[in-house]
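# Just to be clear, the model below is a prediction. Sequence and coordinates:
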Amino acid sequence: MPHIDLPVEYPGIRSLFVYRPETAATLCHLAQVLLHDPHPTLSAGERELIASYVSNLNTCNFCTRSHSAIAKHQLGSNLALVKQVLADPETAPISNKLRALLRIAAKVQTGGKNVLTVDVEQARRQGATDIEIHDTVLIAAAFCMYNRYVDGLATWQPDDEAFYDKMGEQRTREGYKPTSINFTLTQELQKS
């Protein structure tokens, strides 16, 4: 049960966007830039993996499932890879660079000052650039905020895997621009 009067027809962060559209536009724009817009070197799938991984560390069910589904679609429907990263990035079949970036993201999740020079140096040795390190830290920090926003107001979160899969397809296709977060997916699911 949400802590405040949120629209019950919209789950997770969507209900918060409907409740407070003035803040939704800025939060959507940040997600668009961090996760969907073209990036010099990190794929959208890799950036979604970082978001999903941090959300999983924060035990935010809605964000973990949402961004895992988006990552799956961004990575060629490779749900097995997403699950392996969430379970243990150290043994997942990912690049050493992405593994090093996920280590940094995990440090940010526990506290920004936990990222040490040695972590950054290790990521650089694996080929990470300054923008990749910067964006990893920012994605991790932003998802700590998004996760706490979703869970701090006890938003409604569906258990239907098909919901998350359809949302993953939609976000992969349309991104996070406020105009693309038009809530038609929720309305479509309610009709079925």
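Arrived safely, thanks for sending. All of these numbers come straight from a predicted model, not from anything done at the bench.
# Thought residue 135 was touching residue 123, still the case?
No. Between residue 123 and residue 135 there is no contact under C-beta atoms under 8 Å: 11.8 Å. Quick note: C-beta positions are derived from backbone N, CA and C, even for glycine.
# what about the two, which has more around it?
residue 123 (25 against 22; other C-beta atoms under 10 Å).
# List the buried residues in the helix or strand where that one lies.
When elements are assigned from DSSP states H and E, residue 123 belongs to helix 117-125. Across helix 117-125, burial judged by 16 or more other C-beta atoms under 10 Å covers 119, 120, 122, 123.
# same check, this time on stretch 74-90
Neighbour-count burial for stretch 74-90 [16+ other C-beta under 10 Å]: 74, 75, 81, 82, 85, 86, 89.
# secondary structure class for the most centrally placed residue in the chain?
Nearest to the geometric centre of the chain sits residue 51, at 3.2 Å (C-alpha atoms, centre = their mean). In three-state terms, and counting by DSSP: H, G, I helix; E, B strand; the rest coil, residue 51 is helix.
# mind listing what it touches?
By C-beta atoms under 8 Å, 6 or more residues apart in numbering, the contact list for residue 51 reads 34, 35, 63, 67, 71, 139, 143.
# Nearest to residue 42 among the buried residues of helix 117-125?
Set against residue 42, the nearest of the buried residues of helix 117-125 by C-beta to C-beta is residue 123 (12.1 Å).
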